[in-house]
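Student: Need coordinates for the following:
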Amino acid sequence: MKTQITDKEIWSIALPIMLGNMAQTIINFTDTAFLGHLGVIALGASMLAGLFYYVFTTVAAGFATGIQIIVARRFGEKSYERIGVIFGHGSLFVLILGTILFATLYFFSDRLLLWLIDSPNIYEASLEYIKYRQFGIIFVCFNFLYRALYVGISSTKVITYSTIIMAVVNIILDYCLIFGKLGFPEMGIGGAALASLCAEIAAFIFFTAYSYITLGKGEFGLFRLHKPTAGLMGGILQISTPTMIQRLFSFSVWFIFFVLIEKMGETATGISSITRSIYMILITPCFAFATTTNTLVSRTIGEGHAERVFSIINKILKNSMLCTIPLVILVAIFPMQIISIYTEDMDFARLVVPSILVICSGTIFQGFGNAYFEAVSGTGNTTAALYLESAILVVYILFIYAMTYLTTKVELVWTAEILYGALLGILCFVYMKFAKWDKKRI
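Tutor: As a prediction, this is how the structure comes out:
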């Protein structure tokens with residue numbers, strides 16, 4: 001049995017996850033950077049429609065997190081043959097779930113967006129975006145499942161390869177389809193959505209081919225036919241359902257955050273679109289190390305070393321901050337230069353700077369909060385994680401609601417990220433310190 005987790009091992013897991021998380025960040029960055037040259041309407045619409053789309057994908061992301069926890073536990077126990085069975089059950093569920101999510105987007109997006117968005121211009125542009133993007137949701141659901149598998153077995157290099165493929169496809173097609181270059185039609189915001197769809201399909205094809213070649217015939221038995229059993233599916237859903245609800249609730253609140261900002265005006269929406277794009281880059285290392293915390297905590301408990309969990313969390317946090325703080329300092333020193341990537345309007349760029357400085361602080365708090373939150377999930381107590389974050393999200397959304405009515409300064413609304421990270425870190429630390437999480441069996 002393993003007795004120590006080294007910094008090298010932490011980085012070997014976290015770095016590919018970081019690059020994998022960059023896949024959606026890169027898509028968001030390139031979409032925002034290109035669309036920023038079309039104006040605040042395109043910026044606001046791509047942000048709101050993209051977030052609307054991701055609200056639906058978070059259900060699959062939450063299910064994949066549950067699969068990741070179970071796979072990591074079986075991997076720690078060396079029950080390798082069970083991993084293929086778990087993945088097979090997960091694939092069946094994801095196929096059904098993805099079909100339901102697509103049908104919901106296809107038939108109800110126009111009515112839901114009309115109810116949520118005030119600006120007619122942003123609404124029309126959002127519909128154009130969703131018209132293409134909705135077809136990628138089943139592929140995204142499977143991509144989440146593949147990433148969960150590889151994180152669970154601590155073999156994350158493949159995530160790096162998939163990210164490179166997604167990034168290359170998205171950047172090239174963004175350039176071609178948004179502006180009508182190299183013989184392609186000029187599609188504007190619809191082109192950004194179509195480029196993202198193609199990137200998601202490319203990643204799915206790569207994951208499937210790679211997994212079939214490397215894991216299909218080995219001890220994991222990934223693509224063997226396994227008869228679905230109600231007992232195993234029930235056990236998976238017992239762990240996954242709280243994470244599905246938690247992810248859906250969390251991201252829905254994040255979407256509401258931007259819906260409330262949209263009601264402050266098109267300029268405020270444009271400012272927040274750029275702020276969000278930069279924030280997603282800053283926070284990527286935090287999410288990667290948090291995911292590493294999740295899988296290493298679950299694996300360590302599976303190996304029978306629950307007493308080592310706190311030392312592992314602290315070691316991961318140290319590495320997370322070593323990666324995050326230099327990025328935060330860089331952005332805080334050169335905000336105008338970074339914002340100029342998104343817009344040529346320097347007067348507008350100066351309006352973005354205060355919000356950028358706020359998220360620099362928020363990133364540090366999020367690093368601590370997410371690490372301890374994923375540690376709670378990694379113990380298998382996903383229901384406790386759901387309750388903890390739900391309580392915090394109620395405070396978070398009330399704070400945002402109050403700020404959007406009490407002030408016209410967007411940067412003050414963004415201080416909600418500092419509040420959220422601080423509360424999440426404190427409550428989850430207290431839980432890990434005093435709860436009997438080491439007794440949980442999955």
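
Student: Does the residue of the chain positioned farthest from its centre fall in a helix, a strand, or a coil region?
Tutor: In terms of distance from the mean C-alpha position of the chain, Gly183 ranks first, at 33.8 Å (C-alpha atoms, centre = their mean). Following DSSP: H, G, I helix; E, B strand; the rest coil, Gly183 is assigned to coil.

Student: Now for it: which residues touch it?
Tutor: Listed by C-beta atoms under 8 Å, 6 or more residues apart in numbering, the contact set of Gly183 is empty. In this view, the C-beta of every residue, glycine as well, is placed from N, C-alpha and C.

Student: swap in the one 3 residues further on?
Tutor: Listed by C-beta under 8 Å, 6+ apart, the contact partners of Glu186 are Leu177, Ile178, Phe179, Gly180.

Student: Mind giving me the PyMOL command for buried ones among the residues you listed?
Tutor: Those of the contacts of Glu186 that count as buried under 16 or more other C-beta atoms under 10 Å are selected in PyMOL with:
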select buried, resi 177+178+179
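
Student: which among the contacts of Glu186 gets closest to Thr408?
Tutor: Using C-beta to C-beta, Ile178 comes nearest to Thr408 of those, at 31.4 Å.

Student: wait, doesn't the closest one sit right on Ala193?
Tutor: No - in this structure, Ile178 is not within contact of Ala193 by C-beta atoms under 8 Å, at 9.9 Å.

Student: three-state assignment of Arg224?
Tutor: Under three-state DSSP, Arg224 comes out as coil.

Student: If we ignore the residues flanking it in sequence, what's nearest it?
Tutor: Computed as C-beta to C-beta, 6 or more residues apart in numbering, the closest residue to Arg224 that is not its neighbour in sequence is Gly84, at 6.1 Å.

Student: got the buried residues for the helix or strand where the one you found lies?
Tutor: Assigned by DSSP states H and E, Gly84 falls within helix 80-116. By neighbour count on 16+ other C-beta under 10 Å, the buried set for helix 80-116 is 82-91, 93-94, 97-98, 101-102, 105, 109, 113, 116.

Student: pLDDT on the strand or helix carrying Gln366, on average?
Tutor: Here Gln366 sits within helix 346-378, counting by DSSP H and E. Confidence over helix 346-378 (mean pLDDT, whole number) is 91.

Student: centre of the chain versus it, how much separation?
Tutor: Per C-alpha atoms, centre = their mean, to the nearest Å, the displacement of helix 346-378 from the mean C-alpha position of its chain is 14 Å.

Student: which strands and helices sit next to that helix?
Tutor: When contacts are defined as 3 or more C-beta pairs under 8 Å, 6 or more residues apart in numbering; DSSP states H and E, helix 346-378 packs onto helix 40-76, helix 266-302, helix 309-333, helix 335-339, helix 382-406, helix 410-413, helix 416-434.

Student: and the angle from it to helix 40-76?
Tutor: Interaxial angle, helix 346-378 versus helix 40-76 (axes from the mean of the first three to the mean of the last three C-alpha atoms, to 10 degrees): 20 degrees.

Student: what comes up buried for helix 346-378?
Tutor: Result for helix 346-378 [16+ other C-beta under 10 Å]: buried residues 348-349, 351-356, 358-378.

Student: Point out where the stretch 101-250 of the chain drops to low pLDDT.
Tutor: For the stretch 101-250 of the chain, no stretch has pLDDT under 70.

Student: which residues in it form helices?
Tutor: Per DSSP state H, counting those that start in this stretch, the stretch 101-250 of the chain carries helices over the ranges 120-133, 137-152, 157-179, 189-215, 230-262.

Student: Now do Ile178 against Tyr420, distance only.
Tutor: To Tyr420, Ile178 is 33 Å away according to C-beta to C-beta, to the nearest Å.

Student: brain fart, Lys263
Tutor: Lys263 sits 20 Å away from Tyr420, going by C-beta to C-beta.

Student: of the two, who's got more company?
Tutor: Tyr420 (27 against 15; other C-beta atoms under 10 Å).

Student: Disregarding residues adjacent in the polypeptide, which is nearest to that one?
Tutor: Nearest residue to Tyr420, sequence neighbours excluded (C-beta to C-beta, 6+ apart): Tyr396, at 4.9 Å.

Student: Check whether the one you found really touches Gly421, as I assumed.
Tutor: No - with contacts counted by C-beta under 8 Å, Tyr396 stays clear of Gly421, the gap being 10.1 Å.

Student: list the contacts for Tyr132?
Tutor: With C-beta under 8 Å, 6+ apart, Tyr132 has these contacts: Gly190, Ala193, Leu194, Leu197.

Student: Tell me how many other residues surround the residue nearest to it when sequence neighbours are not counted.
Tutor: In space, and not counting its chain neighbours, Tyr132 is closest to Ala193: 3.9 Å by C-beta to C-beta, 6+ apart. Residues lying near Ala193 (other C-beta under 10 Å) number 27.

Student: Give me the distance between Ala193 and Phe34.
Tutor: Distance from Ala193 to Phe34, by C-beta to C-beta: 12 Å.

Student: Also Leu412?
Tutor: 29 Å.

Student: What of Ser211?
Tutor: Ser211 is 32 Å from Phe34, where distance means C-beta to C-beta.

Student: before we move on, what about Cys198?
Tutor: 15 Å.

Student: The two: who's more crowded?
Tutor: Comparing Cys198 with Phe34 by other C-beta under 10 Å, the one with more neighbours is Phe34, at 23 against 18.

Student: residues contacting the more buried one?
Tutor: Asp174, Tyr175, Ile178, Phe179, Ala192.
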